[in-house]
Every structure is written in C-alpha cells, then in structure tokens.
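Enquirer: Everything below, folded, please.
(chains A and B)
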Amino acid sequence: DAGVTQSPTHLIKTRGQQVTLRCSPKSGHDTVSWYQQALGQGPQFIFQYYEEEERQRGNFPDRFSGHQFPNYSSELNVNALLLGDSALYLCASSFYLNTQYFGPGTRLTVL
Amino acid sequence: DAKTTQPPSMDCAEGRAANLPCNHSTISGNEYVYWYRQIHSQGPQYIIHGLKNNETNEMASLIITEDRKSSTLILPHATLRDTAVYYCIVTSPSGTYKYIFGTGTRLKVLA
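Expert: The predicted model follows:
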C-alpha cells in the first residue's frame, strides 16, 4: 500500500516565478492538507481540500492556491515567489476528519 | 484548537524509556491528543493518538491525565533511530481537523 507521495523532491526557483507542487494521497483517503515548514519551525497549515473544494485556509496570502482532482490528488501553486517562500512543503492525507498521514515533502528553494 | 507546550529538548540513554511530556491545559472535551515525530526534515510520522483513555501500540504508549490537561508519550526502549523532533498536537474532529504544530521536543537518544 503506497503512502502519500509528493513531487518533485527538490525544486529551485527564482524570485517572481511560479511553482506547482503535487501530492497523491494514501489509498482510500479523500482529504488533502498542505503545510509549510520553514527551517527550524514546526509545520504551518496552509489549506485543506475535500470533495475538490478548499474547506479551510490558514494565514497565507492569495499567492498560495490549490486544487484537488476527482482522483483526490492535489496541487499547491505559489505565484510571485518570494525568498521567504523557501521551505519544506508537506502534504498530508486522511480519510475525511481522521488521522493525517504525511508525505516526504518537497524542498523549495527560492533564489 | 487548543495550544500545546513541550520542552524544547530532552536526552535519553539508549535502551531506557523516553518520557516526553506535553501540556494542553485548554483542551476541550472533544479534542484528541496526537503525537507525531519528524526525523531530519522528513515528513512527520504518526505515532499514536487518544481522547481520554491511555493508548498503546507497537511504537509507543500515550498516558493522558484524568483532567486531560497534560499527556506523556512513552517510548519504552529508546534506540538511536528514535532521535527526532516529537510534536504533540491537540485537534478536534469537528471543523477541518487542521493540525497546529508547535516547535516540538528534540529528543536525542545517546549511545
């Protein structure tokens, strides 16, 4: 049984560019949550998707947007990248409001 | 969602029990206590969770005080591979069930 997968593993972008990160949930899961983890900090909640809709959003600007597809996979898009967007981006999946299981993350570096 | 307080760091001798405390004095009646750990910037790994009763699985035991204002995660026989940052999270199945991470406890298991 495959766990949560994320792609790419690492990514380097320059300021002002746009980036798309991808997440495939664990088999049987229908809910995807995204988190941003800056170096030395705990993960911070960005938003959560269920039934292809954003259910709740954390304290992140509109530059951060997402999408969930009918197969429950999800994308996180970040526009107009800033240096401060450099972080580990984590995806977590769950079956509705149950235990979340995290993927390995995507390390984004903005130069 | 209730906030949690954990010591920033702890050491434990290999083979001994590691007891990691967490305070969650503002926990409400329907909020669960979850524990995750993160090894060197990998995705957080689920360990255990509970509501009122003590819980045990193959990884750890969770002891929740009767007033539910604090809990302790117990790793019965710590190994070097248990060196990680351990996060205690309190969350409710109502709403979106988002996780609010603190800075966790950095556990170092010593040989």
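
Enquirer: Nearest residue to residue 69 in space, please, no chain neighbours.
Expert: No chain in the question, so chain A it is. A:Glu52 (7.2 Å; C-beta to C-beta, 6 or more residues apart in numbering or on different chains). Bear in mind the C-beta positions are built from the backbone N, C-alpha and C, glycine included.

Enquirer: Oops, wrong one, chain B.
Expert: B:Ser25 (4.5 Å).

Enquirer: just checking, that neighbour touches B:Thr65?
Expert: No - here B:Ser25 does not reach B:Thr65: they are 10.4 Å apart, not a contact under C-beta atoms under 8 Å.

Enquirer: Geometric centre of chain A: which residue is closest?
Expert: The residue lying closest to the centre of chain A (C-alpha atoms, centre = their mean) is A:Trp34, at 3.6 Å.

Enquirer: Name the residue of chain A with the shortest distance to chain B.
Expert: Per C-beta to the nearest C-beta, A:Gly42 is where chain A lies closest to chain B, at 3.2 Å.

Enquirer: so who does that residue touch?
Expert: Contacts of A:Gly42 were listed using C-beta atoms under 8 Å, 6 or more residues apart in numbering or on different chains, and they are B:Tyr87, B:Phe101, B:Gly102, B:Thr103, B:Gly104.

Enquirer: Tell me where the model's unsure across the chain.
Expert: Unless you meant another one, I'm taking chain A. Within chain A, the stretches with pLDDT under 70 are A:1.

Enquirer: try again with chain B
Expert: B:1-2, B:93-97.
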